[in-house]
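Chemist: What shape does this take:
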Amino acid sequence: MTRVDRRAVLGSLVHGTCALAALCAGCGPEWREATVLPPACGATPGRPEDGWVEVKLADHLALLQPGGLAAVRVPEALLDVVVLHTTPGCYTAVWHICTHGDCHVAPVPGESLLECPCHGSRFGLDGQVLRGPATRPLQTFQAVRVGNSVFIHRPL
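Modeler: Numbers count the residues shown, from 1 in each chain. Predicted coordinates:
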């Protein structure tokens, strides 16, 4: 079995999700109760009518720290994702349901990957299949922090 290096996986996520991070000087200050942050990593969320869903950080405290992740479910927006805080102020989200079956993937303690409890498929934090039986990656979604919320783009 191949061991996945957490830093390498997070580095890949940062590269793919926050390519403009170097331009935003660390993607903003640390979160504080009354702080309003500009959009991080060169992205700006759109309107709810365009598929942007607001997720309040106060409801998912693990997302306050880089490396944190949380399962986020917003049924009215048909959103069921795992949100990852990749680097300060930068986020990404992957579909929470295994592409092989209808089971929720979950983080594996001590490893930087998600696993399906039903049949054992494993996915990188970027959604890529690491081990089957799944053959298709988890869908990824753009996620942008503004103020005390993360906005996730769920295409309509």
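
Chemist: Low-confidence ranges, this protein, go.
Modeler: When the per-residue scores of the chain are filtered using pLDDT under 70, the ranges that remain are 1-42.

Chemist: need the longest strand for it.
Modeler: If each strand of the chain is counted by residues according to DSSP state E, the longest one is strand 79-87.

Chemist: Please identify the buried residues of it?
Modeler: Buried residues in strand 79-87, counted by 16 or more other C-beta atoms under 10 Å: Leu79, Val81, Val82, Val83, Leu84, His85, Thr86, Thr87. Where C-beta positions appear, they are placed from N, C-alpha and C, glycine not excepted.

Chemist: And the fifth one, how far from Trp95?
Modeler: Counting by C-beta to C-beta, to the nearest Å, the separation of Leu84 from Trp95 is 12 Å.

Chemist: repeat for the fourth one
Modeler: Between Val83 and Trp95 the computed distance is 11 Å (C-beta to C-beta).

Chemist: what's the longest strand of the chain packed up against?
Modeler: Counting by 3 or more C-beta pairs under 8 Å, 6 or more residues apart in numbering; DSSP states H and E, the packing neighbours recorded for strand 79-87 are helix 6-17, strand 69-74, strand 90-95, strand 149-153.

Chemist: Given that strand, what are its sheet partners and their directions?
Modeler: In its sheet, strand 79-87 lies beside strand 69-74 (antiparallel), strand 90-95 (antiparallel), with partners assigned from DSSP bridges.

Chemist: Put the alpha carbons of the first one into PDB.
Modeler: So the one you mean is strand 69-74. Written as PDB, here are the backbone C-alpha positions of strand 69-74 (Å, rounded to 0.1, in the frame of the first residue of the first chain):
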ATOM      1  CA  LEU A  69     -11.900  20.000   7.500                       C
ATOM      2  CA  ALA A  70     -15.600  19.600   8.000                       C
ATOM      3  CA  ALA A  71     -18.500  17.800   6.500                       C
ATOM      4  CA  VAL A  72     -21.000  20.400   5.200                       C
ATOM      5  CA  ARG A  73     -24.500  19.500   4.200                       C
ATOM      6  CA  VAL A  74     -27.000  22.100   2.900                       C
END
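
Chemist: List the contacts of it.
Modeler: Applying C-beta atoms under 8 Å, 6 or more residues apart in numbering, the external contacts of strand 69-74 come out as 53, 55, 60, 62-63, 79-85, 93, 96, 104, 106-107, 125, 152.

Chemist: dump the residue contacts of His96.
Modeler: With contact set as C-beta under 8 Å, 6+ apart, His96 has these partners: Ala71, Val72, Arg73, Asp80, Val81, Val82, His104, Val105, Leu138.
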